[in-house]
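Participant: here is a sequence together with a model predicted from it:
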Amino acid sequence: MNNDIMTIREVAEYLRLNEKTTYRYASEGKIPGFKVGGAWRFRKSEIDKWTVDQSRRNVA
């Protein structure tokens, strides 16, 4: 089974952020995610790409 879909809690742990911060970032469109029945979900591959993009922005 593919575990590519993550919850708010899983993304928060993965990025080492507070869950409230992760929820706020998702709501503001700062991190890539989508809602399923009112609950946020995230593709791990998109979160990984987002972190790489953020790293590149901070270097430039």
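Facilitator: Great, that's in hand.

Participant: what's whichever strand or helix holds residue 35 packed up against?
Facilitator: With the criterion set as DSSP states H and E, the secondary-structure element containing residue 35 is strand 34-36. Here strand 34-36 is seen to pack against strand 39-43 when contacts are counted using 3 or more C-beta pairs under 8 Å, 6 or more residues apart in numbering; DSSP states H and E. For every residue, glycine as well, the C-beta is placed using N, CA and C.

Participant: what lines up beside the strand it packs on in the sheet?
Facilitator: According to DSSP bridges, strand 39-43 has the following sheet partners: strand 5-6 (antiparallel), strand 34-36 (antiparallel).

Participant: most tightly surrounded among those strands?
Facilitator: Per residue and on average, the most neighbours among the strands paired with strand 39-43 fall to strand 5-6, with a mean of 16 (mean count of other C-beta atoms under 10 Å).

Participant: tell me the helix or strand right after that one.
Facilitator: Beyond strand 5-6 on the C-terminal side, the first helix or strand identified by DSSP H and E is helix 8-15.

Participant: hmm, who's touching that next one?
Facilitator: 6, 17-19, 21-23, 26, 31, 33, 39-40, 42, 44, 47, 51 (C-beta atoms under 8 Å, 6 or more residues apart in numbering).

Participant: of those, which is the nearest to residue 57?
Facilitator: The shortest distance between residue 57 and any of the contacts of helix 8-15, using C-beta to C-beta, involves residue 51 and amounts to 10.8 Å.

Participant: still on that earlier bit, filter the contacts of helix 8-15 to the buried ones?
Facilitator: Neighbour counting over these (16 or more other C-beta atoms under 10 Å) leaves 6, 17, 22, 23, 26, 31, 33, 40, 42, 47 as the buried ones.

Participant: can I get the residues you listed in CSV including pLDDT and distance to residue 56?
Facilitator: Converted to CSV, those look like this (pLDDT from 0 to 100; distance: C-beta to C-beta, whole Å):
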residue, pLDDT, distance to residue 56
6, 97, 22
17, 97, 19
22, 97, 21
23, 97, 25
26, 97, 21
31, 97, 16
33, 97, 20
40, 97, 25
42, 98, 20
47, 97, 15
